[in-house]
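Undergrad: Quick one: sequence and predicted model below, then my questions.
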Amino acid sequence: MTTTTTLQDLYPTRGASEVVTPRRDPVVWGPLTPELESFERDGFLAVDQLIAPDEVEVYRAELDRLIADPAIRADERSIIEPKSQDVRSVFEVHRISDVFAKLVRDERVVGRAREILGSDVYVHQSRINVKPGFGASGFYWHSDFETWHAEDGLPRMRTVSVSIALTENHDTNGGLMIMPGSHRTFLGCAGETPKDNYKKSLQMQDAGTPSDEALTKFADEHGIRLFTGRAGSATWFDCNAMHGSGDNITPFPRSNVFIVFNSVENTAVEPFSAPVPRPDYIGARDFTPVR
């Protein structure tokens with residue numbers, strides 16, 4: 001259920017021009033352990049092996065089962081590649097699949113989210129991403145928080161994502177790129193949010209996209225880190241980290257499961273820069289803590 005409380009907008013965006021706002025929130029809300037110091041500094045934490053090879057096989061088989069299911073393909077929670085007509089993403093996967101629901105509750109996953117956010121957490125969003133070879137398109141540079149604030153109504157930067165690789169991430173098959181340290185600056189984008197923007201943005205980002213000039217300045221200041229690793233590796237990253245990924249024109253697929261945890265003390269209100277909230281399967285309105 002949507003909270004109707006009116007809150008001050010600490011991170012203005014989707015106005016007449018781009019606006020740069022220094023971060024007003026902590027990065028790590030819980031105790032700052034040595035392992036989380038790099039997350040505090042860079043906005044991400046790479047884990048060489050979060051899940052074991054035998055677990056990878058279970059989750060990859062479940063991903064393959066889901067994307068091959070005609071009922072899942074026809075579900076509104078599935079996003080289809082415009083050119084190839086292949087399944088690109090399936091949202092709310094922890095509600096569709098008992099296998100992925102178990103992963104969300106795994107202490108290696110939800111426990112780390114609680115450490116970073118300093119509270120109980122709920123799933124704001126979950127999805128599987130499928131990047132088959134030979135032309136699967138990438139995700140343009142963006143801050144997730146910009147969208148979640150503007151279109152879902154998350155008030156503060158108290159949200160963290162984990163991307164768990166189910167195939168090997170090479171340096172050539174459209175891997176995740178992050179600008180280290182970019183999470184400390186919020187870039188409010190120019191332009192109003194179109195009605196039902198999510199229907200287009202989940203296939204190709206438009207509203208909420210930084211300008212070339214702003215991205216060049218960010219890249220000059222922070223650099224770009226490309227994440228590679230075997231299946232079972234994972235990357236935790238802050239909600240405001242500037243990130244993206246390129247097209248996959250190699251023969252080697254790149255698939256992952258993506259889970260977004262939000263603090264139960266940061267639940268969604270009305271969108272700050274959109275006419276109505278996005279559907280619940282994209283930005284949850286059920287704030288039940290993960291147990």
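TA: Ah, there it is.
Undergrad: Next, the buried residues of the longest helix that the chain contains.
TA: Counting by DSSP state H, the longest helix found in the chain is helix 53-68. Residues 55, 56, 59, 60, 62, 63, 66, 67 are the ones in helix 53-68 that count as buried (16 or more other C-beta atoms under 10 Å). (Glycine included, C-beta is placed from N, CA and C.)
Undergrad: closest to residue 95 among these?
TA: The closest of the buried residues of helix 53-68 to residue 95 turns out to be residue 66 (C-beta to C-beta; 12.1 Å).
Undergrad: got the buried residues for whichever helix or strand comes after the longest helix of the chain?
TA: Downstream of helix 53-68, the first helix or strand assigned by DSSP states H and E is helix 70-74. Across helix 70-74, burial judged by 16+ other C-beta under 10 Å covers residue 72.
Undergrad: Who are the packing partners of helix 70-74?
TA: Judged by 3 or more C-beta pairs under 8 Å, 6 or more residues apart in numbering; DSSP states H and E, helix 70-74 is in contact with strand 87-91.
Undergrad: Neighbouring strands of the strand it packs on in the sheet, and parallel or not?
TA: Here strand 87-91 has these sheet partners by DSSP bridges: strand 78-80 (antiparallel), strand 121-131 (antiparallel).
Undergrad: got the angle for it vs helix 53-68?
TA: 110 degrees (axes from the mean of the first three to the mean of the last three C-alpha atoms, to 10 degrees).
Undergrad: Quick one: residues in contact with strand 87-91.
TA: 66-67, 72-73, 75, 77-81, 96, 125-130, 136-137, 202-203, 281-282 (C-beta atoms under 8 Å, 6 or more residues apart in numbering).
Undergrad: which among those end up buried?
TA: When the contacts of strand 87-91 are checked for burial by 16+ other C-beta under 10 Å, the buried set is 66-67, 72, 77-79, 81, 96, 125-130, 136-137, 202-203, 281-282.
Undergrad: Next up, the contacts around the nearest residue to residue 104 once chain neighbours are set aside.
TA: Among residues not flanking residue 104 along the chain, residue 94 sits closest, at 4.6 Å (C-beta to C-beta, 6 or more residues apart in numbering). Residues in contact with residue 94, defined by C-beta under 8 Å, 6+ apart, are 100, 101, 103, 104, 123, 126, 259.
Undergrad: Among those, name the ones in strands.
TA: 123, 126, 259 (DSSP state E).
Undergrad: where do the helices sit along the stretch 51-200 of the chain?
TA: Per DSSP state H, counting those that start in this stretch, the stretch 51-200 of the chain carries helices over the ranges 53-68, 70-74, 93-96, 98-105, 107-117, 144-147, 198-201.
Undergrad: Select, out of those, the one closest to residue 24.
TA: helix 144-147 (11.7 Å).
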